[in-house]
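*Asks:* quick check, what structure comes out for this input:
(2 chains)
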Amino acid sequence: MIKKTLSVLLGALALPLAAHAASYQLLNVSYDPTRELYRAINEKFAAEYKARTGDSVTIQQSHGGSGKQARAVFDGLDADVVTLALGGDILPLVDPGHLIRKDWETRLPDHASPYLSTIVFLVRKGNPRHIRDWNDLVKPGVGVITPNPKTSGGARWNFLAAYAYALKANNNDKDKALAFMSTLFRNVPVLDTGARGSTTTFVQRGLGDVLLAWENEAFLAREEFGNDQFEIVVPSISILAEPQVAVVDKVVDRKGTRKVAEAYLNYLYTDEAQNIIAQNHYRPSNPQIAAKYADQFPKLDLVTIRDFGGWAKAQPEYFGDGGVFDQIYRK
Amino acid sequence: MSTLSTVPLQDPPSLPPEFRPQGPLIRRNSAVTESAWVQWLLVATALLFLLGFLLLPLVSVFTEALRHGWKVYLDAISEPDARSAIGMTLLTAAIAVPFNVAFGLAAAWAITKFEFRGKTLLVSLIDLPFSVSPVVAGLIYILVFGRNGWFGPWLFDHDIRIVFAIPGIVIATMFVTFPFIARELIPLMQEQGTDHEQAALSLGASGWQTFRRVTLPNIKWALLYGVLLCTARAMGEFGAVSVVSGHIRGQTDTMPLHVEILYNEYQFAGAFAVASLLAIFALVTLALKSYLEWRHGDELAATRRH
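*Replies:* Numbers count the residues shown, from 1 in each chain, chains lettered A, B, ... in the order given. So this is what the prediction gives:
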């Protein structure tokens, strides 16, 4: 019976809708931890769009490390929309890629960040290494799991969050802060390419004592593997992670999907989507909805990417070839 | 042992008397001089190794896959994305393998039946995919066919997609599985020499007739053996395909990529269910391969045993 329904369903999907209503296909190229979020969002959006316009839309997903995904779009992956971990990964698609128009950040509300997050620590049950804050990560013998900042967006937020702490703890002494970062990365046994790879390394393979993770990823890992196995530690200071989204102008204009792609990204700001966002442990950008879920999200001191001069400046300075990360990682 | 001991009872008529086994076969073992416990130790070590490194992982794949019962298993392999991945894998193999059969035959034929300049170069080129990392193999095609690659601008202007689409996956798979058939055929055809072909030609056969009636029957089992290895690799390739696939669920995901995706989404039962299907494909290939070795071992004689 199930098989029969399945094959009927499949047949219906495979047939291009011959009837009056149009049928669209969007490709959303996203970063690693958003799999569960977009599975929920896509279903609701398709239903909402169908009810509103009569047109059906199927959204296909591609996930991976944010930098790697951006590179694939740059090299020709036909994404209608990119929903990446940070603006730094969208910049090369604007220039030199010429795939996205320059005004992308102002075309959507809140700097094109429909959801926010931050970086927290995930530790093993009982916190055996007594990890409370960033300075506990540089102690000898502490295994720190974080992905590679070159390929992973989450890893770049991790890096900047740690650096923000290092600057604050050392009264903005850059050299001391860099020495701190160097020691921290000496405690990193393996750099995975994406955030999900790192989570698997920490949770499944049992490597390391602390995982630097997206808040949403930490919540999800606890949900998947039981609250009794892992604990979330909120450091004294972290960074406000602002994942950004954009319509890929060149692709939607060629495919004729601009209208539905824009509707899709705008949908992320609706109350319905903002609630789904909160339920998936992302911080909603809408303050009213965020207030509703306030007790879920710990309050902490947050710096922003603006404190580092924005991604256009921070990306090459910290993560470009020969940038700060290269310098401290080689030391 | 049982198959060997039946040999003296049913001599194949084609075997000349001097090649017939003399006396009971078991006496060959008299060359072994080690004491019994050394023999046992060696056998036990080998068995333990096999058990630990081959059988255990294989068993664990199936137990993990069936941990939540048959229903979960069947659902996992029949959900649309999994079906699409299975389809992609079969399609890729169905295109890549015939192409490599044609190429492998042509290359082996040229190399073993003719003398020409640059022959050694061609032989080394055939081996290239064995020595190049699959990731590099994938990246080559991004550099050539990607939006910013050599042919990228032209391809994108004409709305032709190679990378991040099915053609890219097939091409990358072909590259990685290039050597399997040629490498199976070359040693055998070298050993067989050109006498038969020359005889056929001197009797007035055309080139095509010679190939079809003389060469092909001589190499058919080795060819089949190569096809099996090539198919197994084509279905299992991960690295090169991962680079050019774009990882679009339900579209450009092959089975190995789908396994990774499911695993990363904490859907372990699903991941192992798809992995077990891949393992079944591999086991079937292995069974066919063993059958070929057992049944047509003499005609595979010159090929490397894997």
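*Asks:* residues from chain B in reach of chain A?
*Replies:* With Cβ under 8 Å from any Cβ of the partner chain as the criterion, chain B comes near chain A at residues B:75, B:78-80, B:83, B:142, B:145-149, B:152, B:156, B:159, B:161, B:163-164, B:246-251, B:261, B:263-266. Where C-beta positions appear, they are placed from N, C-alpha and C, glycine not excepted.
*Asks:* which of the residues you listed are buried? Put it as a ChimeraX command.
*Replies:* Entered in ChimeraX, the line below selects the buried ones among the residues of chain B next to chain A, by 16 or more other Cβ atoms under 10 Å in any protein chain shown:
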select /B:75,78,79,142,145,146,147,149,152,156,161,163,164,246,247,248,249,250,251,261,263,264,265,266
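*Asks:* where exactly do the strands run in the stretch 201-331 of chain A?
*Replies:* A:210-214, A:230-233, A:237-241, A:244-247, A:283-284, A:301-303 (DSSP state E, counting those that start in this stretch).
*Asks:* over to the stretch 51-200 of chain A?
*Replies:* A:56-64, A:81-84, A:115-124, A:144-145.
*Asks:* name the SS class of residue B:266, please.
*Replies:* Three-state call for residue B:266 (DSSP: H, G, I helix; E, B strand; the rest coil): coil.
*Asks:* in JSON lines: the strands of the stretch 201-331 of chain A, plus mean pLDDT.
*Replies:* Below are the strands of the stretch 201-331 of chain A laid out as JSON lines (pLDDT from 0 to 100):
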{"stretch": "strand A:210-214", "mean pLDDT": "94"}
{"stretch": "strand A:230-233", "mean pLDDT": "93"}
{"stretch": "strand A:237-241", "mean pLDDT": "95"}
{"stretch": "strand A:244-247", "mean pLDDT": "96"}
{"stretch": "strand A:283-284", "mean pLDDT": "95"}
{"stretch": "strand A:301-303", "mean pLDDT": "93"}
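*Asks:* can you give the domain ranges for chain A?
*Replies:* Using automatic domain parsing, the domains assigned to chain A come out as A:2-113+A:242-268, A:117-241+A:300-330.
*Asks:* pLDDT weak spots in the stretch 201-331 of chain A?
*Replies:* Scanning the stretch 201-331 of chain A for pLDDT under 70 picks out the ranges A:331.
*Asks:* contact residues of it facing chain B?
*Replies:* A:224, A:254.
*Asks:* please work out which residue of the stretch 201-331 of chain A is closest to chain B.
*Replies:* residue A:224 (4.6 Å; Cβ to the nearest Cβ).
*Asks:* name the nearest residue to that residue, sequence neighbours excluded.
*Replies:* Spatial nearest neighbour of residue A:224, chain neighbours left out: residue B:266 (4.6 Å); criterion: Cβ to Cβ, 6 or more residues apart in numbering or on different chains.
*Asks:* where's the one you found relative to residue A:69, distance?
*Replies:* Counting by Cβ to Cβ, to the nearest Å, the gap between residue B:266 and residue A:69 amounts to 20 Å.
*Asks:* what of residue B:37?
*Replies:* Distance from residue B:37 to residue A:69, by Cβ to Cβ: 59 Å.
*Asks:* same question for residue A:197.
*Replies:* 13 Å.
*Asks:* neighbour count winner among these two?
*Replies:* residue A:69 (28 against 22; other Cβ atoms under 10 Å in any protein chain shown).
*Asks:* any idea how far residue B:227 is from residue B:234?
*Replies:* With Cβ to Cβ as the criterion, residue B:227 and residue B:234 are 10 Å apart.
*Asks:* mind checking the longest helix of chain B?
*Replies:* If you go by DSSP state H, chain B has its longest helix at helix B:80-113.
*Asks:* packing partners of that helix?
*Replies:* Applying 3 or more Cβ pairs under 8 Å, 6 or more residues apart in numbering or on different chains; DSSP states H and E, one finds that helix B:80-113 makes contact with helix A:2-14, helix B:69-78, helix B:119-131, helix B:166-177, helix B:179-192, helix B:216-236, helix B:255-264, helix B:268-296.
*Asks:* same thing but at 7 Å, please
*Replies:* On a contact count with 3 or more Cβ pairs under 7 Å, 6 or more residues apart in numbering or on different chains; DSSP states H and E, helix B:80-113 meets helix B:119-131, helix B:166-177, helix B:179-192, helix B:216-236, helix B:255-264, helix B:268-296.
*Asks:* nearest approach to residue A:323 belongs to which of these?
*Replies:* helix B:255-264 (28.3 Å; Cβ to Cβ).
*Asks:* neighbouring contacts of the closest one?
*Replies:* Here helix B:255-264 makes contact (Cβ atoms under 7 Å, 6 or more residues apart in numbering or on different chains) with A:196, A:200, B:81-82, B:85-86, B:89, B:235-238, B:241-242, B:245, B:247, B:249, B:253, B:270-271, B:274-275, B:277-278.
*Asks:* can you give me the neighbour number for the residue nearest to residue B:93 when sequence neighbours are not counted?
*Replies:* Nearest residue to residue B:93 in three dimensions, chain neighbours excluded: residue B:234, at 4.3 Å (Cβ to Cβ, 6+ apart). Other residues lying near residue B:234 total 25 when counted by other Cβ under 10 Å.
*Asks:* which residues touch residue B:234?
*Replies:* B:92, B:93, B:96, B:97, B:173, B:177.
*Asks:* nearest the geometric middle of the chain, what residue?
*Replies:* With no chain named, the answer covers chain A. residue A:85 (3.5 Å; Cα atoms, centre = their mean).
*Asks:* chain B, not that one
*Replies:* Geometric centre of chain B, nearest residue: residue B:229, 1.5 Å, by Cα atoms, centre = their mean.
*Asks:* excluding covalently adjacent residues, which one is nearest to that residue?
*Replies:* In space, residue B:229 is closest to residue B:180, 4.8 Å off (Cβ to Cβ, 6+ apart).
*Asks:* I'd say that neighbour and residue B:233 touch.
*Replies:* Yes: counting by Cβ atoms under 7 Å, residue B:180 does reach residue B:233; the two are 6.3 Å apart.
*Asks:* the more surrounded of the two?
*Replies:* residue B:180 (26 against 20).
*Asks:* for the more buried one, give me its contacts.
*Replies:* B:100, B:226, B:229, B:230, B:233.
*Asks:* ok, back up a step: Serialize the strands of the stretch 51-200 of chain A to TSV and add fields for mean pLDDT.
*Replies:* Listed next are the strands of the stretch 51-200 of chain A as TSV, based on pLDDT from 0 to 100:
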stretch	mean pLDDT
strand A:56-64	93
strand A:81-84	96
strand A:115-124	95
strand A:144-145	96
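*Asks:* and the ones you listed: which comes nearest chain B?
*Replies:* That would be strand A:56-64 among the strands of the stretch 51-200 of chain A, by Cβ to the nearest Cβ, at 4.6 Å.
*Asks:* nearest residue to residue A:235 other than its sequence neighbours?
*Replies:* Closest to residue A:235 by Cβ to Cβ, 6+ apart is residue A:133, at 5.0 Å.
*Asks:* the one you found and residue A:118, how far apart?
*Replies:* Using Cβ to Cβ, we find residue A:133 at a distance of 14 Å from residue A:118.
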